[in-house]
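Colleague: A predicted structure for the sequence below; I have some questions about it.
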Amino acid sequence: MRISATGAERGFTLVELLVVMAIIGLAGAAVALAMPDPRGDLRQGAERFAARLFAARDRAVIEARDQVVWVSPTGYRFERPVPWPEGSHATTKARVRFDTVGQTEPIDITLIRDDERVTVSIAADSIHVE
């Protein structure tokens, strides 16, 4: 161990080490907060559902055959089940039936994940996400 002429040792002080640790902690927190939700955006899931409802309505008109969409808290299905985005659920259980001219009974289906809510409103002549 070398000692300087004044008798002080070389190295970092405790204050310097604490400052570096605080900076690393803040940088790590900033990175963690900037990461997107791996489950995806609830609004995108609701818009995907609305687009599939549009397609079912159009298919009912084109094929001149009723199309039925079953909605449950865990997902929805046409011919096969489609789960809601991970961690989300619907507040209602419903049967949406588009007749051969694309009409249906009005209904609102609300999707919930954590504290976020998105509603898909299905009317006789429109479908939109709120």
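Modeller: In hand now; what should we look at?
Colleague: for the lowest-mean-pLDDT helix or strand in the chain, the distance to its chain's centre please.
Modeller: Taking mean pLDDT, DSSP states H and E as the measure, the helix or strand of the chain with the lowest value is strand 81-83, at a mean of 77. Relative to its chain's centre, strand 81-83 lies at 15 Å (Cα atoms, centre = their mean, to the nearest Å).
Colleague: ok, and what's touching that strand?
Modeller: 52, 74-76 (Cβ atoms under 8 Å, 6 or more residues apart in numbering). In short, each C-beta sits where N, CA and C put it, glycine included.
Colleague: which of these fall in strands?
Modeller: With DSSP state E as the criterion, strands contain 75-76 from among these.
Colleague: would you point out the most distant pair within the contacts of strand 81-83?
Modeller: Arg52 and Thr74 (16.2 Å; Cβ to Cβ).
Colleague: elements contacting whichever helix or strand comes after the least confident helix or strand of the chain?
Modeller: Towards the C-terminus, the helix or strand next in line after strand 81-83, according to DSSP states H and E, is strand 89-90. The contact analysis (3 or more Cβ pairs under 8 Å, 6 or more residues apart in numbering; DSSP states H and E) places strand 89-90 against strand 107-113.
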